[in-house]
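**Student:** Any chance you can model this:
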Amino acid sequence: MTGPAGEELLVDRDGLQACFGCGADNPHGLQLRFRMLGDGRTVETSLRPAAHFAGVDGVLHGGIQSTVLDEVMGVAAQYALPEGAGRQPCVTAELSVRFLRPVPMDDDVVARARVVQVDGRDLYVHAEIVAADGSELTTARSRWRQLRPA
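**Tutor:** Alright, predicted model coming up:
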């Protein structure tokens, strides 16, 4: 399933309203919003980090970087589910993050993700946080699985 290029994607699965990353009902969360890029398979998000998200001075904390990457990969996985997959959310089964260069706090943080393989209930996703010049600052790989109905 693909979303319209450039338009905000709806994160419409059960149990996500209070999510720290994307939940609109979580006033302490990141409240990330997502859009599909023109290729129809890459999901993107951005945020302007608040000062309390710093690690060392001027650098976005690695845990927040990991959260942003986890969130954008989760949305990519959700949008790659086949038609009729149900409303259960996908959850992270594995996550590997590589911190290549510091992510500065003084500009928007942009993260992109795309599903690279679907194998039964497993979805494999790659993502990166990129600098304004497009260079990779942080990369991630993950495996996702859709929860079964209760």
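**Student:** Would you state the strands of the chain in chain order?
**Tutor:** Using DSSP state E, the strands of the chain run over 34-36, 42-47, 90-99, 109-119, 122-130, 136-146.
**Student:** List of residues touching the fifth one?
**Tutor:** Same thing as strand 122-130. 65, 68-69, 72-73, 76-77, 80-81, 90, 93, 103, 109-118, 136-146 (Cβ atoms under 8 Å, 6 or more residues apart in numbering). Where C-beta positions appear, they are placed from N, C-alpha and C, glycine not excepted.
**Student:** beta partners for the residue nearest to E136 when sequence neighbours are not counted?
**Tutor:** Leaving out its chain neighbours, the residue that sits closest to E136 by Cβ to Cβ, 6 or more residues apart in numbering is E128, at 4.7 Å. On the basis of DSSP bridges, E128 is bridged to R112, T139.
**Student:** any idea how far D108 lies from A131?
**Tutor:** Going from D108 to A131 by Cβ to Cβ, to the nearest Å gives 10 Å.
**Student:** cool, and R148?
**Tutor:** Remark: distance between R148 and A131 (Cβ to Cβ) = 39 Å.
**Student:** Is it correct that L32 is in contact with C22?
**Tutor:** Yes - the criterion here is Cβ atoms under 8 Å, and L32 meets it with C22 at 5.1 Å.
**Student:** Name the residues contacting each of those two.
**Tutor:** Counting by Cβ under 8 Å, 6+ apart, the contacts common to L32 and C22 are E71.
**Student:** and the residue nearest to Q117 when sequence neighbours are not counted, bridged to which residues?
**Tutor:** What sits nearest to Q117 in space, not counting adjacent residues and going by Cβ to Cβ, 6+ apart, is Y124, at 4.2 Å. Beta bridges link Y124 to Q117, R143, judged by DSSP bridges.
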